[in-house]
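> I would like to see how this sequence folds:
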Amino acid sequence: MNRHSVKRDTLVSQLRELGVRPGGVLIVHTAYSRAGPVEDGPAGLIAALREALGPDGTLVMPSMSSDDDTPFDPATTPCPDMGVVAETFWRSPGVLRSNSPHAFAAVGLHAAEITASHPAEIPHGPDSPVGRACELDAQVLLLGVGHDANTTIHLAENLAGVRYRLEKYVTVLEDGRPVRLHYGEIDHCCQRFSLVDRWLDERGLQKYGSVGHGEARLARARDIVEVATERLHAEETVFLHPPGVDEECDEARRSLL
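Residues are numbered from 1 along each chain as shown. Just a heads-up that it's a prediction; the model follows:
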């Protein structure tokens with residue numbers, strides 16, 4: 001069934017009704033296939049997000065490379081795995097993008113601070129775009145996606161000091177030459193990040209609504225970190241599947257042995 005295109009002013013009203021704060025910092029993870037169609041497509045959704053935030057707000061989106069074998073170039077490297085909205089966003093005029101394979105893009109008052117250099121071997125620690133956004137009391141908007149797409153939960157894992165790691169590498173430039181950087185990343189399949197829904201809902205810390213045609217969730221990054229770190233301190237492997245269910249989670253468990 002064909003869906004009607006949602007007007008920009010309707011999107012702005014929906015975002016404000018959901019609780020997006022004018023002048024705030026907003027991290028957005030979205031699947032346009034579920035939120036659209038909207039007026040002017042992905043660019044129109046970005047424009048509505050910026051209007052809802054106002055002139056003093058800061059819009060942030062993931063902008064990671066999916067190519068670990070080629071040095072990252074913030075001016076040219078695509079981020080196809082992040083979706084068409086994120087891909088459109090970093091290419092938009094005035095948007096800054098961090099110089100890391102684990103890049104985020106941002107525009108607005110705090111964009112330069114959020115996208116400043118950050119270590120490639122600790123993708124989502126305190127000294128990363130999600131860490132800095134959390135420090136600035138960011139909100140997290142999940143539009144058409146669940147918490148399995150929420151990188152702020154990886155920040156919680158770092159802050160909780162979880163010990164599991166997956167062996168990863170990225171290619172970086174050193175003295176103009178490509179060099180493979182090997183590191184251990186806090187990662188797994190991320191499906192059990194969905195547990196955060198219940199933890200936030202139990203405390204009334206998450207709002208639900210519709211933006212465009214998509215289901216939307218909105219919560220403070222600090223609240224997400226707080227509920228997740230509490231559970232991780234009680235059970236370090238709470239986000240990992242039981243053994244034998246998922247290979248990435250099994251690998252993470254093996255790293256604890």
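
> Enumerate every residue touching the closest residue to Lys7 other than its chain neighbours.
Using Cβ to Cβ, 6 or more residues apart in numbering and skipping residues adjacent in sequence, the residue nearest Lys7 is Glu39, 5.1 Å away. For the C-beta atoms, the positions are set from N, CA and C on the backbone; glycine is no exception. By Cβ atoms under 8 Å, 6 or more residues apart in numbering, the contact list for Glu39 reads 5-8, 11.

> Tabulate those (CSV), appending neighbour count and pLDDT.
Listed next are these as CSV, based on neighbours: other Cβ atoms under 10 Å; pLDDT from 0 to 100:
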residue, neighbour count, pLDDT
Ser5, 16, 96
Val6, 22, 97
Lys7, 15, 98
Arg8, 16, 97
Leu11, 22, 98
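
> for these, which one is nearest Thr151?
Using Cβ to Cβ, Leu11 comes nearest to Thr151 of the contacts of Glu39, at 23.3 Å.

> Just the CA trace of the strand or helix carrying that closest one, in PDB.
Using DSSP states H and E, Leu11 sits in helix 8-18. What follows is helix 8-18, C-alpha atoms only, in PDB (Å, rounded to 0.1, in the frame of the first residue of the first chain):
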ATOM      1  CA  ARG A   8       7.700  19.100   7.000                       C
ATOM      2  CA  ASP A   9       5.600  21.200   9.400                       C
ATOM      3  CA  THR A  10       3.900  18.000  10.500                       C
ATOM      4  CA  LEU A  11       7.300  16.400  11.200                       C
ATOM      5  CA  VAL A  12       8.400  19.400  13.300                       C
ATOM      6  CA  SER A  13       5.200  19.200  15.300                       C
ATOM      7  CA  GLN A  14       5.600  15.500  15.900                       C
ATOM      8  CA  LEU A  15       9.200  16.000  17.000                       C
ATOM      9  CA  ARG A  16       8.300  18.700  19.400                       C
ATOM     10  CA  GLU A  17       5.300  16.800  20.800                       C
ATOM     11  CA  LEU A  18       7.600  13.800  21.400                       C
END
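
> What is it packed up against?
When contacts are defined as 3 or more Cβ pairs under 8 Å, 6 or more residues apart in numbering; DSSP states H and E, helix 8-18 packs onto helix 41-53, strand 207-211, strand 214-220.

> now with 7 Å?
In terms of contacts (3 or more Cβ pairs under 7 Å, 6 or more residues apart in numbering; DSSP states H and E), helix 8-18 is packed against helix 41-53, strand 207-211.

> buried set for it?
8, 11-12, 14-15, 18 (16 or more other Cβ atoms under 10 Å).

> how about the strands in the protein?
Secondary structure of the chain (DSSP state E): strands at 25-30, 58-62, 96-97, 104-108, 139-143, 166-174, 177-185, 207-211, 214-220.

> Residues touching the last one, excluding its own?
So that's strand 214-220. 18-20, 34-35, 137, 139-144, 200, 205-210 (Cβ atoms under 7 Å, 6 or more residues apart in numbering).

> send the alpha carbons of it over as PDB?
Provided in PDB are the C-alpha atoms of strand 214-220 (Å, rounded to 0.1, in the frame of the first residue of the first chain):
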ATOM      1  CA  GLY A 214       7.900   5.600  11.900                       C
ATOM      2  CA  GLU A 215       7.700   4.600  15.500                       C
ATOM      3  CA  ALA A 216       9.900   6.900  17.600                       C
ATOM      4  CA  ARG A 217      11.600   6.600  20.900                       C
ATOM      5  CA  LEU A 218      13.200   9.500  22.800                       C
ATOM      6  CA  ALA A 219      15.300   9.300  25.900                       C
ATOM      7  CA  ARG A 220      18.200  11.200  27.500                       C
END
